[in-house]
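K.L.:
Below are the sequence and a predicted model; questions follow.
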Amino acid sequence: MAKESFDKEIQFLRLLVLTSGAYNRQQFAERLGISVHTFDKTIRRLKEIVSSVYQRLPQEQSKEFAEAIRFSYYDSTDPMLLFLFRAKSVKESESHRISLLLGAMNDQALTAMELMDICCGSLSSDLPQPDEKTIRSDLKYLEEVGVIRRESGARPYRYRVQNDLIRQLTDEELVDLYDFVDVMANTQVPSVQGYLLRDGLKKHLLRNHAEKHAIEPFLYKYHFYSRILDEAHLFTLLSAIRHRRKVRFLYFSPKTDKSYASKNTNPLFERETEGKWEKTLPLKVVYDHQYGRWYLLSNGREGIRKYRMEGMTQIEADEGVDEAIFTEKTIELEDKIRHSWLIDTGRKVKVRVRFFNPDSVEPNFVKERVLLQGQWGQIVAEDEYSFIYEITVNGTTEIKPWLRSFGSSCEVLEPAYLRREMIAEWKEIQAYYESV
């Protein structure tokens, strides 16, 4: 599938989750920057994918695409936000061909020519027949991602599925491995590979007649849908950083009314897009645990630039840069964000806060949380009732939500303007709860 189509469906899913189906077709299409006709085609495609995922879903629950979200509400991001990766990572013809290749190599090692004969004899007539170059390209891809391995020996090389780990573990050990992968995929970033590995282990266990309840001991409710969707861009950007290459993309800032724009292939329907083409040198990717967002920090004509990854579409690699220049820009960035709570590069300010200990509660969960999450800040004074925490940060915008999350257990002492801002915000919140 085209990369543009992947971007469109990422933004489509994001908007669908955020609006909970509240938009009508026209509003949805306008917000995405596409036509109603394109909206209808996209929803049909996604419904097809949902129906393939929920093969046993009752008919009355499969009528509306939004029902898929409600149906899987307690099923974390599986499969609502992951089915996109399964369905879009390879083309339809590739998925059939690779499935045949893996099935053939599962039991024995085969050469490229033997695999091509198997594919040509097994693929349906409506799918294109692969040539030797295509088969060798598939084998190279599968070897790079670690799915198969090349046997030692002289040419012609033989390939087989690399599943020694699965074959050598007992069912009990496989269940333990599944539990570990399940926990890590739901608690660590990035996660998509972990979810896909978990699904592979689950299918293998079920094929071996394991009890379903034995491999589903945990129940997760995941809130940050964008985190998973934005992982589609993560490894493209990490690859550009690793190879010191600039990237080019169409960017929609959080303040714009639209989050996507289709490519104008027909001049009769060409229209102005609200996005802005950016060309920049990526230096660092940062994840915000507070809001579940990914950020790209880069260097452009104006110096250090920051982009929310949810607004990046049509990402493509551009020219490379010299290693010395890349190192210089990286050092400059690290110096700018040394005192950033997250990515703020503003003026440094010392924040001084009093945290109150919980009454007669052990352990002191407030102190434990401050020590765990307080980054490079330090506790500079302490008594039996409270302790004072100090940290120097670039601006107070990013640390404020963290301080606010402590509620009445936190009192801002310095700077004075931050104290006034916090007082005003708490008064506003208090007004919501006044007697009616």
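P.N.:
It's in.
K.L.:
can we go C-alpha only for contacts and neighbour counts from here?
P.N.:
Will do.
K.L.:
which residues does residue 287 form a beta bridge with?
P.N.:
Beta bridges link residue 287 to residue 294, judged by DSSP bridges.
K.L.:
That one is in contact with residue 295, isn't it?
P.N.:
Yes - between residue 287 and residue 295 a contact is recorded at 6.3 Å, counting by Cα atoms under 8 Å.
K.L.:
Confirm for me that residue 148 is in contact with residue 159.
P.N.:
Yes - between residue 148 and residue 159 a contact is recorded at 6.6 Å, counting by Cα under 8 Å.
K.L.:
rewinding a little: look at residue 287 and residue 295 and report which has more neighbours.
P.N.:
The neighbour count for residue 287 versus residue 295, taken as other Cα atoms under 10 Å, is higher for residue 295 (20 against 16).
K.L.:
OK, contacts around residue 422?
P.N.:
Going by Cα atoms under 8 Å, 6 or more residues apart in numbering, residue 422 touches 404, 412.
K.L.:
where does it land on pLDDT?
P.N.:
pLDDT, residue 422: 94.
K.L.:
My reading is that it is in a strand; is that accurate?
P.N.:
No - counting by DSSP: H, G, I helix; E, B strand; the rest coil, residue 422 is located in no strand; its state is helix.
K.L.:
got the CA positions of stretch 146-164 in PDB?
P.N.:
Extracted in PDB, the C-alpha atoms of stretch 146-164 (Å, rounded to 0.1, in the frame of the first residue of the first chain):
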ATOM      1  CA  GLY A 146      15.300 -12.200  11.800                       C
ATOM      2  CA  VAL A 147      12.400 -14.400  10.700                       C
ATOM      3  CA  ILE A 148      14.600 -16.800   8.700                       C
ATOM      4  CA  ARG A 149      18.200 -17.700   8.600                       C
ATOM      5  CA  ARG A 150      20.600 -18.900   5.800                       C
ATOM      6  CA  GLU A 151      22.100 -22.300   6.300                       C
ATOM      7  CA  SER A 152      25.900 -22.600   6.200                       C
ATOM      8  CA  GLY A 153      27.200 -24.300   3.100                       C
ATOM      9  CA  ALA A 154      28.000 -23.800  -0.500                       C
ATOM     10  CA  ARG A 155      25.700 -22.200  -3.100                       C
ATOM     11  CA  PRO A 156      22.800 -22.400  -3.800                       C
ATOM     12  CA  TYR A 157      22.100 -21.200  -0.300                       C
ATOM     13  CA  ARG A 158      19.200 -22.800   1.700                       C
ATOM     14  CA  TYR A 159      16.900 -20.900   4.000                       C
ATOM     15  CA  ARG A 160      14.700 -22.000   6.900                       C
ATOM     16  CA  VAL A 161      12.500 -20.400   9.600                       C
ATOM     17  CA  GLN A 162      14.500 -19.300  12.600                       C
ATOM     18  CA  ASN A 163      12.200 -20.700  15.400                       C
ATOM     19  CA  ASP A 164      14.700 -22.700  17.400                       C
END
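K.L.:
in it, what's buried?
P.N.:
Neighbour counts using 16 or more other Cα atoms under 10 Å place 148-150, 158-162 of stretch 146-164 among the buried residues.
K.L.:
For stretch 137-156, what is the distance to the chain centroid?
P.N.:
Offset of stretch 137-156 from its chain centre (Cα atoms, centre = their mean, to the nearest Å): 29 Å.
K.L.:
no no, stretch 358-370
P.N.:
In terms of Cα atoms, centre = their mean, the centre of stretch 358-370 is set 33 Å apart from its chain centre.
K.L.:
any idea of the mean pLDDT for that stretch?
P.N.:
On average, the pLDDT along stretch 358-370 is 86.
K.L.:
Begin at 57, not 1, for the rest of this chat.
P.N.:
Noted, 57 is the first residue going forward, which turns the last one into stretch 414-426.
K.L.:
Quick one: end-to-end distance for that stretch.
P.N.:
Terminal residues of stretch 414-426 are spaced 13 Å apart (Cα to Cα, to the nearest Å).
K.L.:
buried sites along it?
P.N.:
Counting neighbours by 16+ other Cα under 10 Å, stretch 414-426 gives 422-423, 426 as buried.
K.L.:
Which residues does it contact?
P.N.:
For stretch 414-426, using Cα under 8 Å, 6+ apart, the contacting residues are 411-413, 465.
K.L.:
Arrange these in a markdown table, one row each, with distance to residue 65 as further columns.
P.N.:
Conversion of the contacts of stretch 414-426 to a markdown table gives the following (distance: Cα to Cα, whole Å):
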| residue | distance to residue 65 |
| --- | --- |
| 411 | 45 |
| 412 | 47 |
| 413 | 48 |
| 465 | 43 |
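K.L.:
The stretch 207-356 of the chain: helices as residue ranges?
P.N.:
For the stretch 207-356 of the chain, the helices defined by DSSP state H, counting those that start in this stretch cover 220-224, 227-243, 248-263, 281-298.
K.L.:
Quick check: the farthest pair among the buried residues of stretch 202-220?
P.N.:
Using Cα to Cα, those reach their maximum pairwise distance at 214 and 218, which is 12.4 Å.
K.L.:
and residue 438, what are its phi and psi?
P.N.:
Main-chain dihedrals, residue 438, degrees, to the nearest 10: phi -160, psi 140.
K.L.:
Identify the bridge partners of it.
P.N.:
For residue 438, the beta-bridge partners are residue 443 (DSSP bridges).
K.L.:
Please apply the same query to the one 10 residues further on.
P.N.:
Under DSSP bridges, the beta-bridge partners of residue 448 are residue 406.
K.L.:
ranges for the strands of the stretch 357-492 of the chain?
P.N.:
Per DSSP state E, counting those that start in this stretch, the stretch 357-492 of the chain carries strands over the ranges 359-364, 368-376, 404-412, 434-438, 442-450, 466-470.
K.L.:
Select, out of those, the one closest to residue 253.
P.N.:
Using Cα to Cα, the strands of the stretch 357-492 of the chain put strand 368-376 closest to residue 253, at 26.1 Å.
K.L.:
Any buried residues in that closest one, and which?
P.N.:
Neighbour counts over strand 368-376 (16+ other Cα under 10 Å) mark 368-371, 373-374 as buried.
K.L.:
orientation of that strand relative to helix 281-298 in degrees?
P.N.:
Interaxial angle of strand 368-376 relative to helix 281-298 (axes from the mean of the first three to the mean of the last three Cα atoms, to 10 degrees): 10 degrees.
K.L.:
what pLDDT does residue 397 get?
P.N.:
Note for residue 397: predicted pLDDT of 95.
K.L.:
if I read this right, it contacts residue 457, doesn't it?
P.N.:
No - Residue 397 is beyond contact range of residue 457, at 11.1 Å (criterion: Cα under 8 Å).
K.L.:
okay, those two: which has more neighbours?
P.N.:
Using other Cα under 10 Å as the criterion, residue 397 and residue 457 rank with residue 397 on top: 22 against 12.
K.L.:
who's in contact with that one?
P.N.:
Contacts of residue 397 (Cα under 8 Å, 6+ apart): 431, 449-450, 454-455.
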